[in-house]
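In: sequence unknown, structure follows:
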Ligand code: FAD
Ligand code: SIN
């Protein structure tokens, strides 16, 4: 199955195509260049758009005195609620420190103490201070700045902005040998084109936009994951959508990207309060307000249900240097009429991160030859049922380097592209909002058989709203539809509560569900298989 598009009017070639210019795409690109390969870097909007530049809290790595990859591993496994792939976690935590040093060598500047040591803070689920941060709460902006500066002026990288990757192109052997894309450009590279290469790396980030309220920017429509599904790749763990506990609550009618109040604010001492002014997390978990975020999100949800209020409160008034430590959050609070040094901040959970994605191995191979996936689009298994705070930027750094090394070492030539005769699909852009509302209503922090069945019925109906009107909006809406369906199907199948997947009709984790749900879209039909997770 493919998205409905016109015929490609132009062709561009490179050794490798990288789709997406966040931490995953840029790290892969820089490492490919270090091996002398040419890269075509395509990105949907401006180069710096995507989740990376919004990252606040920081990057987790065992760099502090007394810390070790082993301790980082233990915290990652606990947060992942017994569903992490142990090999992927080992790679992440042992290669993490070197990957961060490399990022620093590439120009990223992290906050330091008066004595010049890198300052490390704490976030939910970490038993140690191990989070590097930059500009106080502007870590992602610094990572993005440094990596973009590092690709500047390299003639071996061709960048095309405003280039929306649409579908994969295969050769006669079924290997991916390129992509179709739509470019809003000038001159010869405008409209639908095709890009050919011996390997394609998807690094298109998350899919937060399947929900009506999310911390993710508008480009996070999961395009690369949907592209991979249509290309025949398997996805896994997609039911594990992480809801960040402390997203500023403004008004339920305000959809789209919402301001995040970093977990690092709780790391520096802020406390959650219910509407009676009572601190509630200490009764729930030994780490109190710094429990893993699935546990905090669930407890906030319970408090909101009890009080019939749409939010709880975050008290950050005790943080003495709030303005200097969290300048971005301070500004966004002020813009919303709150002075966090004097007032409580209304917060509620919102969709934040896809712990699952395209199923890949430790070198980033998807189940389709020639197609690699990196960063939030991938499911390496490192996050299990719930990602540990600040492990995501780290994953992009570590696995971006691994993918580039694999491509450089095992470079195999792709064959000629074959004519595409597959069935096509295109849905109206008008389905985006009802789809987001149906997902938030039925597949949110707390789900049940009944709510998910309702959401799937709505999705099925939305799937009948076909169109021939090709536009960025309709391609995105179709991607959102396919991914929302996968998320809701996975959530319905998983009859237990684990990590960020909470079912009101199955409140406990079940040993019978110590498995990964793997999904595939074949000839327009969904298939599901279950894989036992060994730790
Ligand atoms: P992204 O950075 O999202 O980049 C995706 C890229 O793909 C973008 O360039 C986008 O434009 C492009 N793209 C998308 N679709 C297409 C298409 N069809 N064609 C071409 N290009 C496309 N993680 C941490 O570890 N620490 C934190 O402190 C932290 N804070 C966060 C705060 C916020 C508000 C958010 C939203 C996330 C945060 N995260 C954090 C998560 C982390 O930022 C992301 O998981 C990570 O940046 C993802 O990187 P990526 O490279 O995979 O994707
Ligand atoms: C945050 O700063 O709270 C977000 C950290 C993350 O998503 O890892």
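Out: Thanks, I have it. Nothing here was measured: the structure is a model prediction, and the numbers come from that model. Ligands and ions are numbered 1, 2, ... in the order given.
In: okay, CA-based contacts and neighbour counts for the rest of this
Out: OK.
In: Mind giving me the packing neighbours of the helix ranked longest in the chain?
Out: Ordering each helix of the chain by length in residues (DSSP state H) puts helix 472-493 first. With contacts taken as 3 or more C-alpha pairs under 8 Å, 6 or more residues apart in numbering; DSSP states H and E, helix 472-493 sits against helix 223-230, helix 432-442, helix 449-462.
In: Need the ones you listed in TSV (columns: distance to ligand 2).
Out: Below are those laid out as TSV (distance: least, C-alpha to the nearest ligand atom, whole Å):
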stretch	distance to ligand 2
helix 223-230	20
helix 432-442	19
helix 449-462	26
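In: Distance to ligand 1, mean neighbour count and mean pLDDT added to those, as CSV?
Out: As requested, the helices and strands packed on helix 472-493 are exported to CSV (distance: least, C-alpha to the nearest ligand atom, whole Å; neighbours: other C-alpha atoms under 10 Å; pLDDT from 0 to 100):
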stretch, distance to ligand 1, mean neighbour count, mean pLDDT
helix 223-230, 5, 27, 98
helix 432-442, 16, 21, 97
helix 449-462, 21, 18, 98
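In: so which of those gets nearest residue 111?
Out: The closest of the helices and strands packed on helix 472-493 to residue 111 is helix 223-230. By C-alpha to C-alpha, the value is 33.2 Å.
In: follow-up on the earlier one: which of the helices and strands packed on helix 472-493 sits closest to residue 258?
Out: Closest among the helices and strands packed on helix 472-493, using C-alpha to C-alpha: helix 432-442, at 14.1 Å.
In: okay, now the closest residue to residue 371 other than its chain neighbours: neighbour count?
Out: Once flanking residues are discounted, residue 371 sits nearest to residue 200: 5.2 Å by C-alpha to C-alpha, 6 or more residues apart in numbering. Residue 200 has 27 neighbours, counted by other C-alpha atoms under 10 Å.
In: With distance to residue 503 as extra columns, can I get the helices and strands packed on helix 472-493 in CSV?
Out: Below are the helices and strands packed on helix 472-493 laid out as CSV (distance: least, C-alpha to C-alpha, whole Å):
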stretch, distance to residue 503
helix 223-230, 25
helix 432-442, 11
helix 449-462, 8
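In: what's the closest of those to residue 275?
Out: Of all those, helix 432-442 comes closest under C-alpha to C-alpha, at 22.9 Å.
In: quick check: mean pLDDT across the helix or strand the residue nearest to residue 371 falls within?
Out: Here residue 200 sits within strand 199-202, counting by DSSP states H and E. In this model, strand 199-202 has an average pLDDT of 98.
In: partner strands of that strand, parallel or antiparallel?
Out: Using DSSP bridges, the strands paired with strand 199-202 in its sheet are strand 16-19 (parallel), strand 371-373 (parallel).
In: And ligand 2, is the helix or strand just after that strand touching that?
Out: Next in sequence after strand 199-202, counting helices and strands by DSSP H and E, comes strand 213-214. No. Contact between strand 213-214 and ligand 2 is absent, the nearest approach being 12.0 Å (criterion: C-alpha under 6 Å from any ligand atom).
In: other SSEs contacting strand 213-214?
Out: Short answer (3+ C-alpha pairs under 8 Å, 6+ apart): strand 213-214 packs on strand 256-257, strand 345-354.
In: one step back: now the strands paired with strand 199-202 in CSV, with distance to residue 282, mean neighbour count and mean pLDDT?
Out: Output for the strands paired with strand 199-202, formatted as CSV (distance: least, C-alpha to C-alpha, whole Å; neighbours: other C-alpha atoms under 10 Å; pLDDT from 0 to 100):
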stretch, distance to residue 282, mean neighbour count, mean pLDDT
strand 16-19, 43, 28, 98
strand 371-373, 39, 29, 98
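In: Of these, which is nearest ligand 1?
Out: strand 16-19 (5.1 Å; C-alpha to the nearest ligand atom).
In: And that closest one, how far out from the chain middle?
Out: Strand 16-19 has its C-alpha centroid displaced from the chain centroid by 18 Å (C-alpha atoms, centre = their mean, to the nearest Å).
In: After that strand, heading C-terminal, what element do we hit next?
Out: Next along the chain after strand 16-19, taking DSSP H and E as the criterion, comes helix 23-34.
In: Identify each buried residue in that following helix, please.
Out: Neighbour counts over helix 23-34 (16 or more other C-alpha atoms under 10 Å) mark 23, 24, 25, 26, 27, 28, 29, 30, 31, 32, 33 as buried.
In: now swap in stretch 496-507 and tell me
Out: Going by neighbour count (16+ other C-alpha under 10 Å), the buried part of stretch 496-507 is 496, 497, 498, 499, 500, 501, 502, 503, 504, 506.
In: what subset of the residues you listed is also close to ligand 2?
Out: Within these, nothing lies near ligand 2 by C-alpha under 6 Å from any ligand atom.
In: Could you dump the residues you listed into JSON lines and include secondary structure?
Out: Formatted as JSON lines, the buried residues of stretch 496-507 follow (DSSP: H, G, I helix; E, B strand; the rest coil):
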{"residue": "496", "secondary structure": "coil"}
{"residue": "497", "secondary structure": "coil"}
{"residue": "498", "secondary structure": "strand"}
{"residue": "499", "secondary structure": "coil"}
{"residue": "500", "secondary structure": "coil"}
{"residue": "501", "secondary structure": "strand"}
{"residue": "502", "secondary structure": "strand"}
{"residue": "503", "secondary structure": "strand"}
{"residue": "504", "secondary structure": "coil"}
{"residue": "506", "secondary structure": "strand"}
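In: May I have the predicted confidence score for the residue nearest to residue 170 when sequence neighbours are not counted?
Out: Once flanking residues are discounted, residue 170 sits nearest to residue 176: 4.4 Å by C-alpha to C-alpha, 6+ apart. Predicted confidence (pLDDT) for residue 176: 97.
In: Please identify the deepest-packed of the helices and strands packed on strand 213-214.
Out: Comparing the helices and strands packed on strand 213-214 by mean neighbour count (mean count of other C-alpha atoms under 10 Å), strand 345-354 comes out on top with a mean of 26.
In: what's in contact with that one?
Out: Residues from elsewhere that reach strand 345-354 (C-alpha atoms under 8 Å, 6 or more residues apart in numbering): 206-208, 211, 213-216, 238, 240-250, 297, 300-301, 310-316, 333, 338, 376-377, 444-445.
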